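Asker: here is a sequence together with a model predicted from it:
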Amino acid sequence: MKIFFWGPFFLTLVIAQDNSLFFSEYAEGSSNNKYLEIYNGTGSTINLDNYAFPSASNDVTTPGVYEYWNSFTSGATIASGDVYIIAHPQADASILDSADQTHQYLSNGNDGYAIVMGNESSYSVIDWIGNWDANPGDGGGWDVAGVTNGTMDHTLVRKSTVTSGNTDWSTSAGTTTDNSEWIVLDEDTWTYLGSHPHPGLETNNPVISITSPTDGATLYSSDVTVSFTVSNFTVAASGGDGHIHYSLDGGSTVMQYTVDDIELTGLSAIDHSFIIWLVDDNHTNLNPYVADTVAFTVEEESDDITLIYDIQSGSFTDGTPVTIRGVVTAGTGETPDGSGLSIYIQDGQGQYSGINVYAPDNTVSRGDSIEVVGTTKEYYGKTEIENVTSITVLATGVSLPDPEILTLDQSDWEPWEGVLIQIQSVTVSNDDAGYGE
C-alpha cells in the first residue's frame, strides 16, 4: 500500500505552531455593540493573510461546515502580545476606537465563529466561539461556565491561564466557572477590550478538575487512566501546599503527592464513581472543600470490534464490514482529506494503530472516543473506512495517543499510515505546498 500520513503530520506541525493565536474576548451586547478580540501569544508577529474567521448562522445548512468565509483585512498583522479587534461598524464609538477591522454580520449569540489557518478549500481550525454544528437553542445562545445563553447578551473574557486555542468548543465553554476557559461578564462590559490577559478578573482559589474520562463516558478497557489538573495549589510531598486524596467507588482513600495521571487497573465491567480532592500536609480537607468527581461505565469489549492493527497490517478486501473504536486524532474539518470530511482515529499506540475514516454525514472533534461502523477500502493506496452507517460518540475530551517521535525517513514507512506522528530535526521551507501539505 502506498504510504499516506500527511493528515496527522499536518495536524502535528501546524497546530503546534499556530494555536497560540486565539479568541481572547467576545461581546454580544445591546444594539450593535458586538466584537471579537483575537490575541497573539505565539511570540512572533503574525501576518493574518493566511488566516480567516469563517462563520455559520444559527440554522446551519450543513452541520460542521462554515457558511461564510470571512477574511482579515489584507496585509493585517498582530504583534506578539497584542490583540486584533473586529467590531460591528455601528458599534459604540468607544469600541470602534479600538477596532482594527469592522464586520457587519457579527453574532447575535447563536452564530459560530472559528479562527482558521488556510484557505476556503483547505484549512485547520485553531479556536472556536460556538460551533457550526447546529442552532444552540430557540432564540438563545450557547451556555458558558454554567451561565445559560452565555454567548448572548454577555461579554466573554478568556482566562489568563489559557495559552492556546481550543478546537473543542464544549470543553472551552465548560459547565462551571472552574472548568470553563471563559469569564462571563454582564452585557455591555467593555472595560477589558484592547488588551489581554486580565488575571485580576480571576479568583485564586485552589481548583482540581478531572479532564479524562469525561462524566458519563463508556469505556471498553478494564484499565482506566484518570487525568486531572490542579491550579492555585502546589502538590508536593514537602514544601508545597499539600497533596491529593482519591477514592474509587467509595473504597479506601489513596494518597498521591504528584499531579501525574492516576492508573486504575483491573476494573470490573460495571458503573464506577471516582472522587479526587485536595488536602493539606496534615491530610485535612481544605476549607472550603475542593474536589471533583466523575462517573463512568466499563463494558466488556465486544467480539464484533475489529482492531485497527488487524485492518492495517492484514489483508481486508474492499467492502469488508467492520466496527472499530478509537480516539479521534484529527476531527471534522481539521485535514484537507475528503474536503475536510475525513477524520483520523487511533485505538492505541505504535505501528498500524491509526486509520482514516471518510465520514461526510458526521461531525466529530479531536479527543472524541468513537465507535465507527463501515466498510474497508483501499483508496489511492491508503486504507480507509467508508460507507459509514453510524458513528457513536462514547466519550469526549479523551487524551490523545502520544505522537510517535520519528525521523523524516521513518515517517514514510507503511506501519505509520494514519498514525499521529511528530518529526524531529526538520526545517519547514514551505508551509503551504497545497493539498494541506
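Answerer: Structure's in. What do you need?
Asker: which ones are touching I355?
Answerer: By C-beta atoms under 8 Å, 6 or more residues apart in numbering, the contact list for I355 reads 308, 311-312, 324, 326, 344-346, 383-385, 417-418. The way it works is simple: take the backbone N, C-alpha and C, and place the C-beta from them, glycine included.
Asker: buried subset of those?
Answerer: Buried subset of the contacts of I355 (neighbour count, 16 or more other C-beta atoms under 10 Å): 308, 311-312, 324, 326, 344-346, 383-385, 417-418.
Asker: tell me the one among those nearest to V230.
Answerer: Of all the buried ones among the contacts of I355, Q346 has the smallest distance to V230: 27.8 Å, by C-beta to C-beta.
Asker: of all the contacts of I355, which comes closest to P89?
Answerer: Y344 (40.6 Å).
Asker: the closest one is in contact with W416, isn't it?
Answerer: No. Applying C-beta atoms under 8 Å as the test, Y344 and W416 come out as separate, 12.0 Å apart.
Asker: picking up where we left off before, let's see which of the contacts of I355 end up in strands.
Answerer: Here DSSP state E is the test, and these give 324, 326, 344-346, 383-385 as lying in strands.
Asker: nearest to I275 among the contacts of I355?
Answerer: Within those, distances to I275 taken as C-beta to C-beta reach their minimum at G326, with 28.4 Å.
Asker: in contact with that closest one, which residues?
Answerer: Contacts for G326 (C-beta under 8 Å, 6+ apart) come out as 308, 345-347, 354-355, 369-370, 372.
Asker: flag every buried residue along stretch 417-435.
Answerer: Buried residues in stretch 417-435 (16+ other C-beta under 10 Å): 417-421, 423.
Asker: the strands in the stretch 1-150 of the chain, which residues?
Answerer: 21-28, 34-40, 46-47, 51-52, 55-56, 77-78, 83-87, 101-102, 112-119, 122-129 (DSSP state E, counting those that start in this stretch).
Asker: out of the ones you listed, which is closest to N285?
Answerer: Closest among the strands of the stretch 1-150 of the chain, using C-beta to C-beta: strand 21-28, at 35.5 Å.
Asker: in its sheet, what does that closest one sit against?
Answerer: Using DSSP bridges, the strands paired with strand 21-28 are strand 34-40 (antiparallel), strand 154-158 (antiparallel).
Asker: now those strands in TSV, with mean pLDDT and mean neighbour count?
Answerer: Listed next are the strands paired with strand 21-28 as TSV, based on pLDDT from 0 to 100; neighbours: other C-beta atoms under 10 Å:
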stretch	mean pLDDT	mean neighbour count
strand 34-40	97	24
strand 154-158	96	24
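Asker: ok, which of those strands comes nearest T407?
Answerer: strand 34-40 (32.0 Å).
Asker: who's in contact with the closest one?
Answerer: The contact list for strand 34-40 (C-beta under 8 Å, 6+ apart) reads 20-28, 46, 53, 78-88, 91, 95, 99, 103, 106-107, 113, 115, 129, 158, 193-194, 196-197.
Asker: quick one on the thing from earlier: and which of the buried ones among the contacts of I355 is nearest to E301?
Answerer: I324 (11.7 Å).
Asker: for that closest one, give its distance to Y220.
Answerer: 12 Å (C-beta to C-beta, to the nearest Å).
Asker: name the residues contacting each of the two.
Answerer: Residues touching both I324 and Y220 (C-beta under 8 Å, 6+ apart) are I305.
Asker: other residues contacting stretch 170-180?
Answerer: The contact list for stretch 170-180 (C-beta under 8 Å, 6+ apart) reads 127-128, 142-146, 150, 159, 166, 181-183, 207, 209, 365, 367, 396-397.
Asker: which one of the strands paired with strand 21-28 lies closest to T317?
Answerer: strand 34-40 (49.0 Å).
Asker: got the domain ranges for this structure?
Answerer: Residue ranges for the domains of the chain, per automatic domain parsing: 22-198, 207-298, 308-423.
Asker: quick one: buried residues of stretch 127-136?
Answerer: Of all the residues in stretch 127-136, those buried under the rule 16+ other C-beta under 10 Å are 127-133, 135-136.
Asker: export the contacts of G326 as TSV, with columns for pLDDT and distance to G64.
Answerer: Shown next, in TSV, are the contacts of G326 (pLDDT from 0 to 100; distance: C-beta to C-beta, whole Å):
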residue	pLDDT	distance to G64
I308	93	23
I345	96	16
Q346	95	21
D347	90	23
G354	94	21
I355	95	20
S369	90	18
I370	93	14
V372	96	16
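Asker: ok, those residues vs E67, which is closest?
Answerer: I370 (25.5 Å).
Asker: re the thing from before, of the ones in strands among the contacts of I355, closest to S57?
Answerer: Nearest to S57 among these, with distances taken as C-beta to C-beta, is Y344, at 28.9 Å.
Asker: so which residues of the stretch 201-350 of the chain form strands?
Answerer: Using DSSP E, counting those that start in this stretch, the strands of the stretch 201-350 of the chain run over residues 207-212, 217-219, 224-231, 243-248, 254-256, 262-264, 271-279, 291-298, 321-330, 342-346.
Asker: quick check on N110: phi, psi?
Answerer: Main-chain torsions, N110, degrees, to the nearest 10: phi -130, psi 20.
Asker: helices of this structure, start to end?
Answerer: Applying DSSP state H to the chain gives helices spanning 6-10, 16-18, 93-96, 169-173, 308-313.
Asker: touching, A91 and A99? I think so.
Answerer: Yes. With contact defined as C-beta under 8 Å, A91 reaches A99; the gap is 7.5 Å.
Asker: related to what we said a few turns ago, tabulate the strands paired with strand 21-28 (CSV), appending distance to Q256.
Answerer: Output for the strands paired with strand 21-28, formatted as CSV (distance: least, C-beta to C-beta, whole Å):
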stretch, distance to Q256
strand 34-40, 35
strand 154-158, 30
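Asker: so which of these is nearest L406?
Answerer: Per C-beta to C-beta, nearest to L406 of the strands paired with strand 21-28: strand 34-40, 30.5 Å.
Asker: burial check on I86, number of neighbours?
Answerer: 20 (other C-beta atoms under 10 Å).
Asker: per-residue pLDDT of it, please?
Answerer: I86 is assigned 98 on the pLDDT scale.
Asker: just to check, it is in contact with Q104?
Answerer: No. I86 is beyond contact range of Q104, at 10.7 Å (criterion: C-beta under 8 Å).
Asker: so what pairs up with I355 in the strands?
Answerer: I345.
Asker: distance of it from Q312?
Answerer: For I355, the distance to Q312 equals 6 Å [C-beta to C-beta].
Asker: check V388 too.
Answerer: In terms of C-beta to C-beta, V388 sits 18 Å off from Q312.
Asker: likewise P336?
Answerer: P336 sits 21 Å away from Q312 when distances are taken as C-beta to C-beta.
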